[in-house]
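A.B. asks: attaching a predicted model along with its sequence, questions to come.
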Amino acid sequence: MAPGDAAVRLLTVDEYLALEERAPEKHEFLDGQTHAMSGGTTARSELILAMGGELRAALRGSPCRAYDSNLRVKAMLTGLYTYPDASIVCGKPELEGDARTTLLNPRVVIEVLSPSTEAYDRGEKFAHYRTIASLAEYVLVSTTHPRVEVFTRRGEVWELRVYGEGAQVDLGSVGVRLALDAVYEGVELEAAHAPPS
């Protein structure tokens with residue numbers, strides 16, 4: 001360690017959970033370290049709310065329930081604690097501990113993309129999610145185009161379907177179809193960022 005460098009103190013899971021109860025913002029946790037979750041734009045906020053509303057209506061009367069980003073999800077095999085923008089559970093939720101704040105068995109996880117987190121959501125975070133045995137579908141919602149991507153587990157392979165304007169987004173694992181146009185109705189989308197050259 002170089003002079004002046006401070007050692008990073010790693011947290012235990014119990015310390016993280018205790019801190020998270022008092023924290024004004026949400027944090028991911030992995031390998032003893034916390035990372036603040038980023039805020040959102042108006043488009044991202046509207047799309048999270050719209051997805052939640054459409055899912056709640058579509059799941060009415062089914063054994064599945066939708067939850068918003070206040071419910072934390074844990075990938076048991078890797079130890080990641082995170083807050084997806086929405087999740088769906090069918091049947092009884094499996095929750096860690098007595099606090100009922102950490103879900104272990106999501107059937108579907110939904111992330112609304114932002115420029116600062118898109119690479120992470122598509123890459124490392126998806127790798128963590130793929131280790132959750134109950135997870136059947138991973139959904140990415142664009143804030144720059146009316147587009148929803150659904151990754152569906154087929155054995156050891158994840159199959160991608162991309163939906164655009166006018167499409168019905170098929171979430172076969174929970175038996176619902178969502179009108180993409182209804183999700184994006186009235187949302188002022190963000191400007192697409194040019195890829196770096």
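C.D. replies: Great, that's in hand.
A.B. asks: so where's the chain uncertain?
C.D. replies: 1-8, 193-197 (pLDDT under 70).
A.B. asks: tell me the phi and psi of the most centrally placed residue in it?
C.D. replies: The residue lying closest to the centre of the chain (CA atoms, centre = their mean) is Pro84, at 2.5 Å. Main-chain torsions, Pro84, degrees, to the nearest 10: phi -60, psi 160.
A.B. asks: okay, buried residues for stretch 167-175 please.
C.D. replies: Residues 167, 169, 171, 173-174 are the ones in stretch 167-175 that count as buried (16 or more other CB atoms under 10 Å). For glycine as for every other residue, the C-beta is placed from the backbone atoms N, C-alpha and C.
A.B. asks: now for Glu149: which residues touch it?
C.D. replies: 139-140, 142, 160-163 (CB atoms under 8 Å, 6 or more residues apart in numbering).
A.B. asks: apologies, that question was intended for Leu49.
C.D. replies: Applying CB under 8 Å, 6+ apart, no residues contact Leu49.
A.B. asks: buried residues in the helix or strand containing it, which are they?
C.D. replies: Here Leu49 sits within helix 42-59, counting by DSSP states H and E. Within helix 42-59, the residues that count as buried by 16+ other CB under 10 Å are 43-44, 46-52, 54-55, 58-59.
A.B. asks: in the protein, which spans are strands?
C.D. replies: Secondary structure of the chain (DSSP state E): strands at 27-30, 33-36, 64-68, 72-75, 80-82, 86-90, 102-103, 108-112, 137-141, 148-154, 157-163, 168-171, 176-179.
A.B. asks: point out the most buried one among those strands.
C.D. replies: strand 108-112 (a mean of 25; mean count of other CB atoms under 10 Å).
A.B. asks: which helices and strands does that one pack with?
C.D. replies: helix 42-59, strand 86-90, strand 137-141 (3 or more CB pairs under 8 Å, 6 or more residues apart in numbering; DSSP states H and E).
A.B. asks: by contact count, what packs against the last one?
C.D. replies: Taking 3+ CB pairs under 8 Å, 6+ apart as contact, the helices and strands that strand 137-141 lies on are strand 108-112, helix 124-130, strand 148-154, strand 168-171.
A.B. asks: can you tell me the strand partners of the shortest one and which way each runs?
C.D. replies: Strand 168-171 has these partner strands in its sheet, going by DSSP bridges: strand 176-179 (antiparallel).
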